[in-house]
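>>> structure for this input, please:
(2 chains)
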Amino acid sequence: MGEKSVVVNLFGLNFNLTNCLGGTLVAVCTFILLYWLGHRATIKPSKKQNFIEYFIDFTNNIVKDNVEDKDAQKHLSLYAFTLFMFIFFMNQLGLFFEFSINDHILVKSPTANPMITMTMALMTLLLSYNYGVAKYGLKGYLGSYAKPVGFMLPINLIEEFTNFLTLSLRLYGNIYAGEVLLTLIGDRFAKSAGWITTIASIPLTLVWQGFSVFIGSIQAYVFVTLSMVYIGKKVTKE
Amino acid sequence: MQLMYAALKLELGDTLYYLLIFALLLILVGHFAWGPVSDMMEKRRQKVIDDLDHAESDRKKAELLANEREAALKDSKQEATQILSTAKSNAEKTKTQIISQADDEASAIRKKAAEDAKQAKADALNEARDQVADLSISIAEKLISKNLDEKDQKDLVDSFIKGLDD
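Just a heads-up that it's a prediction; the model follows:
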């Protein structure tokens, strides 16, 4: 990929404007969509309300299946719902919308960047610590790392780190690969041998985009499910 | 080389930015979309539960009512039968009463009629006796002249008639 990101240094921190723009766009669109779907909720549901209720039910079920703690369920339902919507739309953004100026790409899937997926995974991780400590207290929570037997401590610690890495990198890898292949088909393959390959690249792009929509949905689902599994593990005594 | 360096730089600003927009999105979605819809879902769930409970109690009430009605019907049937039988027995009683009364009356009338007849016979006999006596007296007067006064003659005829009776 020959596209460069626009990186700005502000207060000693590097801001990747491509990611910031994409994330803002997705957040705004997600909010507008959900607001449009759900702001006039009534007892007798309209079609719009049915739609949003279907997704709320969907994420609520993910939470219910993996978290047994009733108090945590209530708060996590909103988290799971928002997380699912946010990641889903971030995954889809790069598929149909890529905007670049002078070889500087401005808008693409933010989840095709490991930094962003790690941010999401970090959020889940911090949330799981929060729930673990809230449920068992700091001492009880830290003690749970040495269970069921003392020598499990390093394994449990490593597991914590690998959970974080696999959660973030799985999402990143899937979306990044999808984008790379789209670019390869659209740029390299289409321009490789004149008009024949250009025409041939059209159905290929179409197929791969469809598949990427599928992958994006699955990965959003997997991310939310695993987040809930990790959080659920912290609030359940083994 | 510059490009490589840029790619290797940790973009921690993004992390902060994403945490911020996600938190914002969470709050906004929770307040404007997820919250109201979830509330409605809960309300609907409650309403369905209430409706089901109501239906159950209504059904029970209707069943109770139907049972009551059936019992009342049975009761009224029994009552009707009772009334009928009472009426029948009453009628029977009245009938026998009327008949016995009629019998009594008839016998009383008969008795009275017999008495009357007896009286009439006696009266007639007495009258006849008187008339016969008078007649005989007048006959005797005519026959025997005027020797005997009326009283002596009557005594004579009376003893004569008594002799006839014996």
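>>> check which helices and strands the longest helix seen in chain B sits against.
Identified as the longest helix of chain B according to DSSP state H is helix B:35-144. Packing partners of helix B:35-144 (3 or more Cβ pairs under 8 Å, 6 or more residues apart in numbering or on different chains; DSSP states H and E): helix A:47-66, helix B:150-165. All C-beta spots, glycine's among them, are computed from the backbone N, C-alpha and C.
>>> nearest to A:Leu126, out of the ones you listed?
helix A:47-66 (17.5 Å; Cβ to Cβ).
>>> report the angle between that closest one and helix B:35-144.
100 degrees (axes from the mean of the first three to the mean of the last three Cα atoms, to 10 degrees).
>>> next one: helix A:47-66 to chain centre, how far?
With Cα atoms, centre = their mean, to the nearest Å as the basis, helix A:47-66 stands 17 Å off its chain's centre.
>>> which parts of that helix are buried?
Neighbour-count burial for helix A:47-66, counted by 16 or more other Cβ atoms under 10 Å in any protein chain shown, picks out A:49, A:52-53, A:55-56, A:59-60, A:62-64, A:66.
>>> sketch out the low-pLDDT regions of chain A for me.
Across chain A, residues meeting the criterion (pLDDT under 70) sit at A:1-10, A:12-14, A:96-106, A:237-238.
>>> okay, which residue is most central for it?
With the centre of chain A defined as its mean C-alpha position, the nearest residue by Cα atoms, centre = their mean is A:Ile87, 3.5 Å away.
>>> buried ones in the helix or strand containing that one?
Assignment of secondary structure by DSSP states H and E places A:Ile87 within helix A:70-96. For helix A:70-96, the buried set under the neighbour-count rule, 16+ other Cβ under 10 Å, comprises A:72-73, A:76-95.
>>> and if you look at stretch B:143-160?
For stretch B:143-160, burial by neighbour count (16+ other Cβ under 10 Å) applies to B:153-154, B:156-157.
>>> thought A:Phe232 was touching A:Glu68?
Just so we're on the same page, residue A:232 is Gly rather than Phe. Yes: assessed by Cβ atoms under 8 Å, A:Gly232 is found in contact with A:Glu68 at 6.7 Å.
>>> so which of those two has more stuff around it?
Between A:Gly232 and A:Glu68, counting by other Cβ atoms under 10 Å in any protein chain shown, A:Gly232 is the more crowded of the two (21 against 12).
>>> what angle do helix A:47-66 and the helix or strand that one falls within make with each other?
Using DSSP H and E, A:Gly232 sits within helix A:194-235. For helix A:194-235 against helix A:47-66, the angle by the same axes, to 10 degrees is 60 degrees.
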